[in-house]
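Undergrad: no FASTA, just this:
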């Protein structure tokens with residue numbers, strides 16, 4: 001008889017806390033990235049996908065008939081693979097805020113031929129596709145310019161997911177629909193941050209009230 005597979009709780013394994021930033025701060029970071037490199041970061045912000053999927057996105061993955069992107073490949077161990085991390089294709093609607101950027105990408109004139117939607121002139125990869133190291137450096141440099149300190153994954157995917165719940169009022173099931181997660185449990189950790197946000201707001205009000213009243217026992 002095969003024993004049951006142990007649960008994470010049996011090893012005291014807990015999911016790491018989600019770190020995220022509000023939309024206004026997220027936008028400032030992206031805006032601090034050189035214009036030529038901003039499109040891939042805006043796409044990640046609006047479509048809640050992995051950076052490796054954006055790097056592997058082809059021009060033909062956008063279907064104008066349905067106005068959506070098909071996520072069908074990724075970058076794994078620095079190699080382009082023709083499947084996603086979960087081995088499932090995802091059909092993602094094109095966000096309205098990205099339309100003008102997509103139009104620019106489709107109409108720009110390049111000195112090289114590439115199947116990729118997002119290209120980097122300095123890339124040494126075939127098709128001039130972006131790499132993790134290129135994107136990470138662009139992100140870190142932009143964070144320094146605006147005084148932020150957050151990883152690219154947390155600043156994009158995690159932050160956009162948390163913004164939908166904490167700033168825009170979406171439910172967990174709504175977020176599950178947007179992100180195409182197979183299980184609701186996968187998006188629950190984004191909702192956990194809502195309690196932290198409530199606590200932050202409550203404490204902030206208390207601090208401000210104390211500041212208005214002055215320190216106890218001290219005449220003003």
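TA: Done, it's in. Being a predicted model, the structure only gives us computed values, none of them experimental.

Undergrad: Show the contacting residues for the spatially most central residue of the chain.
TA: With distances taken as Cα atoms, centre = their mean, residue 157 lies nearest the centre of the chain, 1.8 Å away. Residues touching residue 157, when contacts are defined by Cβ atoms under 8 Å, 6 or more residues apart in numbering, comprise 44, 48-50. For the C-beta atoms, the positions are set from N, CA and C on the backbone; glycine is no exception.

Undergrad: That one belongs to a helix, doesn't it?
TA: Yes. According to DSSP: H, G, I helix; E, B strand; the rest coil, the state of residue 157 is that of a helix.

Undergrad: For residue 135, see how far away it is.
TA: The gap separating residue 157 from residue 135 is 13 Å, by Cβ to Cβ, to the nearest Å.

Undergrad: again with residue 159
TA: Using Cβ to Cβ, residue 159 is found at 15 Å from residue 135.

Undergrad: same thing with residue 166?
TA: Residue 166 sits 25 Å away from residue 135, taking Cβ to Cβ as the criterion.

Undergrad: of the two, who's got more company?
TA: For residue 166 and residue 135, the more surrounded residue by other Cβ atoms under 10 Å is residue 135, and the numbers stand at 23 against 20.

Undergrad: OK, contacts around the more buried one?
TA: The neighbours of residue 135, taking Cβ under 8 Å, 6+ apart as the test, are 40-41, 51, 55, 152.

Undergrad: I'd like the residues you listed written out as a markdown table, with distance to residue 111, pLDDT and secondary structure added.
TA: Output for the contacts of residue 135, formatted as a markdown table (distance: Cβ to Cβ, whole Å; pLDDT from 0 to 100; DSSP: H, G, I helix; E, B strand; the rest coil):
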| residue | distance to residue 111 | pLDDT | secondary structure |
| --- | --- | --- | --- |
| 40 | 19 | 99 | helix |
| 41 | 23 | 99 | helix |
| 51 | 25 | 97 | helix |
| 55 | 20 | 98 | helix |
| 152 | 27 | 98 | helix |
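
Undergrad: Looking at those residues, which one is closest to residue 129?
TA: For the contacts of residue 135, the minimum distance to residue 129 (Cβ to Cβ) is 5.6 Å, reached by residue 55.

Undergrad: my read: the closest one touches residue 78, true?
TA: No. No contact is recorded between residue 55 and residue 78 when judged using Cβ atoms under 8 Å, the distance being 10.2 Å.

Undergrad: which of the two has more neighbours?
TA: Here residue 55 and residue 78 are compared on neighbour count by other Cβ under 10 Å; more neighbours surround residue 55, at 24 against 10.
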